[in-house]
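J.: Sequence plus the predicted model coming up.
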Amino acid sequence: MNTPDLDKPLIKAVGISKDYVIGDNVVHALSDVHFSIIKGELVAIMGPSGSGKTTLMNLLGCLDTPTRGQYYLDGINVSELTPDDLAATRSSKLGFVFQSFNLLARTSALSNVQLPLLYSRIDKIQRRSKAEKTLTDVGLSDRVDHHPSQLSGGQQQRVAIARALVSEPEVILADEPTGALDTRTGVEIMSIFQRLNDEGMSVIIVTHEADVARFAKRIIRFQDGRLTSDETLQERVSASEMLSKMP
């Protein structure tokens with residue numbers, strides 16, 4: 001068995017910029033961004049509205065390509081991919097978690113989690129088994145047949161995390177994953193991300209909240225489309241310990 005190279009960059013941005021033409025104006029959403037993320041990191045990308053973090057999320061998630069520069073995902077130069085190859089890379093290497101959950105309303109938790117597997121080569125029984133296991137991993141073994149309307153916000157986000165995990169991606173991209181949740185539930189969700197990271201999963205969280213970013217091991221900050229700081233924390237805040245002290 002080959003030992004994975006933990007120092008190999010999973011994500012590498014080399015001078016990436018993104019411009020949008022709006023009427024007669026060119027908006028520089030990102031300008032000359034350089035950074036890398038190695039496998040197994042838990043990174044928070046922070047910035048206020050308009051800082052460029054959402055544009056960066058779209059690029060990292062292979063939902064868009066940079067105007068200039070190169071973006072490498074697990075050694076692949078995403079900037080050179082065709083639309084079909086971009087979609088294939090996105091589905092095989094990335095798992096997404098969103099603020100608004102993005103679950104199918106009339107579909108059970110189990111079926112929602114199975115969705116990413118529908119176009120894979122595994123059969124129906126295996127799909128169900130993988131989805132059930134992943135729901136169990138996020139603490140929802142007793143909610144597999146519930147629809148989103150029968151679940152709390154925190155439970156819906158757990159379903160979304162399970163859906164992101166079920167295809168065994170290289171990295172989880174979470175865009176404001178606690179934004180629609182109360183404080184305690186948000187900490188519960190962050191405890192799941194920390195546990196996944198402790199188990200080796202690479203996790204990138206986009207947020208404007210310092211209270212969320214402190215659960216990461218590293219914080220990359222953006223302002224006006226530029227990377228302004230890149231800080232590795234000496235000690236991250238433990239979400240599970242915080243939960244144990246909350247009423």
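T.: That came through fine. Numbers count the residues shown, from 1 in each chain.
J.: Contacts made by the longest helix along the chain with the rest, please.
T.: Ranked by residue count under DSSP state H, the longest helix found in the chain is helix 183-198. With contacts defined as C-beta atoms under 8 Å, 6 or more residues apart in numbering, helix 183-198 is touched by 40-42, 138, 152-154, 157-158, 161, 165, 172, 174, 177-178, 181, 203, 205, 212, 215, 217, 236, 238-240, 242-243, 246. Heads up, the C-betas are built off the backbone N, CA and C, glycines and all.
J.: Report the buried residues of that helix.
T.: T185, G186, V187, E188, I189, M190, S191, I192, F193, Q194, L196, N197 (16 or more other C-beta atoms under 10 Å).
J.: So in the chain, where's the weakest helix or strand by average pLDDT?
T.: Lowest on mean pLDDT, DSSP states H and E among the helices and strands of the chain sits helix 83-93, with a mean of 91.
J.: average pLDDT for the helix or strand following it?
T.: For helix 83-93, the following helix or strand on the C-terminal side (DSSP states H and E) is strand 94-98. Taken as a whole, strand 94-98 has an average pLDDT of 96.
J.: How far away from the center of its chain is strand 94-98?
T.: Distance, stretch centre to chain centre, for strand 94-98: 4 Å (C-alpha atoms, centre = their mean, to the nearest Å).
J.: Given that strand, what are its sheet partners and their directions?
T.: Partners of strand 94-98 in the sheet, by DSSP bridges, are strand 171-175 (parallel).
J.: neighbouring contacts of the partner strand?
T.: 10-11, 54, 57, 60-61, 93-99, 161, 164-165, 193, 196, 201-206.
J.: returning to what we had before: okay, the angle between the least confident helix or strand of the chain and strand 171-175?
T.: Between helix 83-93 and strand 171-175, the angle comes out at 100 degrees (axes from the mean of the first three to the mean of the last three C-alpha atoms, to 10 degrees).
J.: rewinding a little: out of the contacts of helix 183-198, which sit inside strands?
T.: Among these, the residues falling in strands (DSSP state E) are L42, I172, A174, V203, I205.
J.: And the residues you listed, which is closest to D32?
T.: Taking C-beta to C-beta as the measure, D32 sits nearest to I205 out of the ones in strands among the contacts of helix 183-198, at 23.4 Å.
J.: my read: that closest one touches G179, true?
T.: No - judged on C-beta atoms under 8 Å, I205 makes no contact with G179 at a distance of 10.9 Å.
J.: Who has more neighbours out of the two?
T.: Set I205 next to G179 and count neighbours by other C-beta atoms under 10 Å: I205 wins out with 26 against 14.
J.: contacting residues for that one?
T.: L42, V43, A44, I45, A174, P177, F193, V212, A213, A216.
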